[in-house]
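Q: Turn this into a structure:
(one chain, ligands or ions: 1)
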Amino acid sequence: KCSMINRRRRARSSLLPKGTVGWPLVGETLEFVSCAYSPRPESFMDKRRLMYGKVFKSHVFGSPTVVSTDAEVSKFILQSDADVFVPWYPKSLTELMGKSSILMINGSLQRRVHGLIGAFFKSEHLKAQITGDMQRYVAETMSHWSDGQLVLVQDEAKHIVFQILVRGLIGLQPGKEMQFLKQQFQEFIAGLMSLPVKLPGSRLYRSLQAKKKMVKLIQKSIRDKRLNRKNKNCCSTSNLLPEDAVDVLINDSSEQLTDELISDNMIDLMIPAEDSVPVLLTLAVKYLSDCPLARKQLQEENMQLKERKTLLGETLQWTDYMSLSFTQDVITETLRLGNIISGIMRKAMKDVEIKGHLIPKGWCVFAYFRSVHLDEDLYQEAYKFNPWRWKGKDEMMSTSSFTPFGGGRRLCPGLDLARLEASIFLHHLVTGFTWVAEEDQIVNFPTVKMKRRMPIRVSKMN
Ligand code: HEM
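A: Predicted coordinates:
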């Protein structure tokens with residue numbers, strides 16, 4: 001019996017991916033982080049890929065981890081259910097997001113919230129509202145840009161996108177409360193990647209205090225909406241279209257969605273509004289600045305649309321923006337090269353074997369999209385910004401070698417909105433201005449951003 005157990009153990013450990021686990025406790029985290037701060041974060045993976053193959057073991061962020069830089073293995077991880085893998089985040093992040101965050105919940109509740117939010121984000125009604133808002137805010141912002149002015153693209157993009165998404169999420173209009181929310185939100189996200197110490201004065205503590213203030217504001221608005229809904233229900237039988245994501249969640253009949261769950265999720269949903277989408281717009285400007293040919297073609301495509309619409313006396317609809325194929329290719333290529341979310345982490349709930357690699361129960365698995373997106377076997381001249389590589393391809397779909405928005409049950413429900421907002425911003429930029437970019441660098445950790453916030457000197461077009 002003993003030898004059978006030993007044989008099984010040996011067989012099991014032979015399936016465990018090769019690799020090193022580094023120092024006691026910290027493992028290889030320090031090397032991982034120092035690479036992450038460099039212009040080539042994937043160098044940590046590249047070195048190990050050469051030695052051990054595309055899937056290897058390591059020890060990062062306090063847990064033994066299997067790292068996948070293999071498109072098929074990562075696809076399997078994304079497609080798996082919560083009985084196999086559950087999301088895993090650093091402790092400071094889980095503390096700040098709370099237990100009921102969509103990023104943390106599993107099973108039927110996650111599917112319910114994901115389904116409701118996803119359907120709302122895909123609705124034509126919301127896309128039309130976002131298009132109207134975005135056009136207004138972009139025009140308003142750009143009207144203040146004078147000839148020769150230095151504009152910080154990252155700041156402008158953050159300002160515009162935050163207001164739009166917050167309106168779509170909780171129905172708040174620009175004004176004092178929006179300003180307050182933005183301030184508190186900035187305090188909140190500053191602690192997302194901090195030390196997990198909750199003592200008064202610590203970074204995490206201050207972020208939690210800011211979250212409390214946001215929760216108070218959002219819960220008051222939820223209570224008002226619930227009351228309003230009750231009053232409306234007494235007087236009319238008509239079903240009004242939801243105006244924002246809170247409306248969608250309070251209309252759910254399951255009674256599972258408490259005010260706490262709703263407010264926590266609204267705050268988490270502001271993260272892409274403050275961070276990911278503005279970074280997408282900023283990186284697009286960065287790559288276009290470095291590639292005059294792409295910029296010229298983008299400008300021509302957008303000018304043609306503008307002129308056609310002006311001739312017809314029509315305003316631009318969301319479908320017009322999305323129909324611009326080269327503009328979409330520019331956005332796709334920005335997503336591939338920029339890797340705004342470099343990968344996702346999960347924890348194995350049981351022993352899992354994928355393509356001959358064992359991921360033991362309790363271990364973390366890190367599906368690192370960045371290495372796949374920059375793999376020379378999949379993308380020729382992978383480090384080159386080349387929007388033409390997407391010509392004629394259906395890039396809206398996530399394939400296993402292109403997963404900027406993840407995949408499977410947790411596929412980003414905001415992907416259409418992110419693309420739409422980027423299209424509108426780029427349209428107004430290239431049809432209204434030419435620009436000369438100042439020197440700047442991409443910083444990749446803890447989140448992707450531009451070191452100098454992407455300064456460009458703008459000139460108005462006649
Ligand atoms: C460029 C912009 C964006 C990028 C690169 C991005 C990327 C991602 C990725 C990779 C995931 C998968 C996470 C996982 O599997 O654990 C995700 C999930 C998610 N995203 Fe986005 N996202 C973006 C914009 C947005 C926007 C605009 C929203 C909505 C306001 C949004 C809402 C969400 C939500 C709610 C989830 C969690 C879904 C779930 O776990 O069920 N994202 N996003």
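Q: For A367, see how far away G19 is.
A: 16 Å (CB to CB, to the nearest Å). (C-beta placed from N, C-alpha, C; glycine too.)
Q: between the two, who's got more neighbours?
A: Shown here are G19 and A367; by other CB atoms under 10 Å, A367 has more neighbours (27 against 20).
Q: ok, now which ones touch that one?
A: Residues counted as contacts of A367 (CB atoms under 8 Å, 6 or more residues apart in numbering) are S68, V73, S74, I77, L78, G343, I344, M345, R346.
Q: Would you list the phi and psi of it?
A: Backbone torsions for A367, taken as degrees, to the nearest 10, come to phi -90, psi 110.
Q: residue boundaries of the strands in the protein?
A: 55-60, 63-68, 85-87, 150-152, 343-348, 352-354, 357-359, 364-368, 433-437, 442-443, 449-450, 455-460 (DSSP state E).
Q: So for the ligand, which of these sits nearest?
A: strand 343-348 (4.3 Å; CB to the nearest ligand atom).
Q: longest helix anywhere in this protein?
A: Taking DSSP state H as the assignment, the helix of the chain that covers the most residues is helix 203-235.
Q: any idea of the mean pLDDT for that one?
A: The pLDDT scores in helix 203-235 average 87.
Q: Stretch 134-149 now?
A: What stretch 134-149 shows for mean pLDDT is 94.
Q: mind checking how far it is from the chain centre?
A: Distance, stretch centre to chain centre, for stretch 134-149: 25 Å (CA atoms, centre = their mean, to the nearest Å).
Q: Same question for stretch 56-65.
A: 23 Å.
Q: for stretch 14-33, same thing?
A: Distance, centroid of stretch 14-33 to centroid of chain: 27 Å (CA atoms, centre = their mean).
Q: One more: stretch 331-348?
A: Here stretch 331-348 is found 8 Å from its chain centre; the criterion is CA atoms, centre = their mean.
Q: any idea of the mean pLDDT in that stretch?
A: In the prediction, stretch 331-348 has an average pLDDT of 96.
Q: Provide the partner residues of the closest residue to F366 other than its chain neighbours in its beta bridges.
A: Nearest in space to F366, with sequence neighbours left out and distances taken as CB to CB, 6 or more residues apart in numbering, is V67 at 4.7 Å. Beta bridges link V67 to F56, F366, judged by DSSP bridges.
Q: how many other residues sit next to V67?
A: As a burial measure, V67 scores 30 neighbours (other CB under 10 Å).
Q: what do you get for S254?
A: If you count neighbours by other CB under 10 Å, S254 ends up with 9.
Q: just to revisit the earlier point, what residues sit buried inside the longest helix of the chain?
A: Within helix 203-235, the residues that count as buried by 16 or more other CB atoms under 10 Å are 203-204, 206-208, 210-211, 213-215, 218, 221-222, 225.
Q: now stretch 451-462
A: Across stretch 451-462, burial judged by 16+ other CB under 10 Å covers R453, M454, P455, I456, V458.
Q: how close does whatever residue of the stretch 1-150 of the chain ends up closest to the ligand sit to N386?
A: For the stretch 1-150 of the chain, the residue closest to the ligand is H114, as judged by CB to the nearest ligand atom, at 3.8 Å. To N386, H114 is 33 Å away according to CB to CB.
Q: go on, A157?
A: Computed as CB to CB, the A157 to N386 distance reads 23 Å.
Q: The two: which has the busier surroundings?
A: Between A157 and N386, counted using other CB under 10 Å, A157 has the larger neighbour count: 26 against 19.
Q: quick one: contacts for that one?
A: So A157 contacts V277, P278, V279, L281, T282, F425 (CB under 8 Å, 6+ apart).
Q: Show me the two of the residues you listed that sit farthest apart.
A: The largest separation in the contacts of A157, counting by CB to CB, is between V279 and F425 at 12.2 Å.
Q: quick one: buried residues of stretch 346-360?
A: So, applying 16+ other CB under 10 Å, buried residues of stretch 346-360: R346, K347, A348, M349, V352, I354, H357, L358, I359, P360.
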